[in-house]
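*Asks:* just need the structure, nothing else, for what follows:
(one chain, ligands or ions: 1)
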Amino acid sequence: MLLEGRCVLVTGAAAGIGRAIAIGAAAQGADVAINYHDNAAGAKSCVAEIEALGRRAIAVHGDVADPNTAVTFVDRAAELLGSVDVLVSNAGICPFHSFLDMPVETFTRTQQVNLHGGYFMCQAAARQMVRQGRGGALIAISSISALVGGEYQTHYTPTKAGLHSLMQSAAIALGRHNIRCNSLLPGTIRTDINKDDLADREKCARMEARIPLGRLGVPEDMVGPAVFLASDMARYVTGAALLVDGGAFVNLQ
Ligand code: RM4
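*Replies:* Coordinates of the predicted model:
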């Protein structure tokens, strides 16, 4: 039980990677607070799965683009679960769109959810951890897209690169408080974020052919890396980035 007695917060945890990590943290002994925005049913079922594992769980609604959401989420977790030990900043969107006719609102919303939301959440969690005085761990769900591009992701890839960079700088700012800050860089993981995109069978086959392990990822593939970074097994790991992509990034030929 690598996370026994810890309180783990996960944003965007009604479905996909966030949900898998929230449940996976509970399976390792953590109590869990989840944030969700527009999937109340998913949030409710995630809480139920965590409680079925014998752990405490709360779901807090909020749009991470609003700075107040982070403060409310962290305060509710600290109040109801007793502490904030780990934050997994996962909430994100990727409305695929071509570059030359990118609507301003699409660009702005993607920046506000993915990067600004991640910043506010990490800052609020770190403030609580500093108040608690016993360190903690921040984990940003960045992406392989922090390192490589996407024709229809010009609004999105900079946010993932920004989250990776944020963890590097936060690692410096928070090291004195024994708060470790690291990024996970998922490859192509099958979730709602890319369901429509991967419905294109030719594109899906092309993406899969690039992956040495021979398959697209699933949300559960993210649980082990996240638990590792959240746990004392990573006690000397901060400012790091871990690709979880089946080998896609390194596969040029
Ligand atoms: C990831 C990566 C995947 C894509 C998702 C939406 O960063 O680019 O290929 O499916 O974003």
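*Asks:* residues contacting Val60?
*Replies:* The contact partners of Val60, taken as CB atoms under 8 Å, 6 or more residues apart in numbering, are Ala33, Ile34, Asn35, Tyr36, Thr72, Phe73, Arg76, Ala77. C-beta coordinates here come from the backbone N, C-alpha and C atoms, glycine included.
*Asks:* residues contacting the last one?
*Replies:* Read that as Ala77. Cys7, Leu9, Ala33, Ile58, Val60, Val84.
*Asks:* could I get the contacts of Val60 in a markdown table, plus columns for distance to Gln111?
*Replies:* Putting the contacts of Val60 into a markdown table (distance: CB to CB, whole Å) gives the following:
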| residue | distance to Gln111 |
| --- | --- |
| Ala33 | 25 |
| Ile34 | 23 |
| Asn35 | 19 |
| Tyr36 | 21 |
| Thr72 | 21 |
| Phe73 | 20 |
| Arg76 | 26 |
| Ala77 | 26 |
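*Asks:* filter those residues down to the ones in helices?
*Replies:* Thr72, Phe73, Arg76, Ala77 (DSSP state H).
*Asks:* and Gly54, which helix or strand is it part of?
*Replies:* In this structure, Gly54 sits in neither a helix nor a strand according to DSSP states H and E.
*Asks:* please report the distance of it from the ligand.
*Replies:* Shown here: Gly54 relative to the ligand, a distance of 33 Å by CB to the nearest ligand atom, to the nearest Å.
*Asks:* about what we covered before: most neighbours out of the contacts of Ala77, which is it?
*Replies:* Using other CB atoms under 10 Å as the neighbour test, the contacts of Ala77 are led by Leu9, with 33 neighbours.
*Asks:* where exactly do the helices run in the protein?
*Replies:* 16-27, 40-52, 67-81, 104-111, 117-132, 157-174, 201-209, 223-230.
*Asks:* in JSON lines: these, plus mean pLDDT and distance to Lys195.
*Replies:* Compiled in JSON lines, the helices of the chain are given as follows (pLDDT from 0 to 100; distance: least, CB to CB, whole Å):
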{"stretch": "helix 16-27", "mean pLDDT": "98", "distance to Lys195": "10"}
{"stretch": "helix 40-52", "mean pLDDT": "98", "distance to Lys195": "14"}
{"stretch": "helix 67-81", "mean pLDDT": "98", "distance to Lys195": "25"}
{"stretch": "helix 104-111", "mean pLDDT": "98", "distance to Lys195": "17"}
{"stretch": "helix 117-132", "mean pLDDT": "99", "distance to Lys195": "21"}
{"stretch": "helix 157-174", "mean pLDDT": "98", "distance to Lys195": "19"}
{"stretch": "helix 201-209", "mean pLDDT": "96", "distance to Lys195": "11"}
{"stretch": "helix 223-230", "mean pLDDT": "99", "distance to Lys195": "20"}
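*Asks:* of all those, which one is nearest Ile193?
*Replies:* Evaluated over these, closeness to Ile193 peaks at helix 16-27, with 6.7 Å, by CB to CB.
*Asks:* can I get the helices of the chain in TSV with distance to Cys181?
*Replies:* As requested, the helices of the chain are exported to TSV (distance: least, CB to CB, whole Å):
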stretch	distance to Cys181
helix 16-27	16
helix 40-52	25
helix 67-81	16
helix 104-111	21
helix 117-132	7
helix 157-174	4
helix 201-209	30
helix 223-230	10
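*Asks:* quick check: which of those helices is buried the most?
*Replies:* helix 16-27 (a mean of 26; mean count of other CB atoms under 10 Å).
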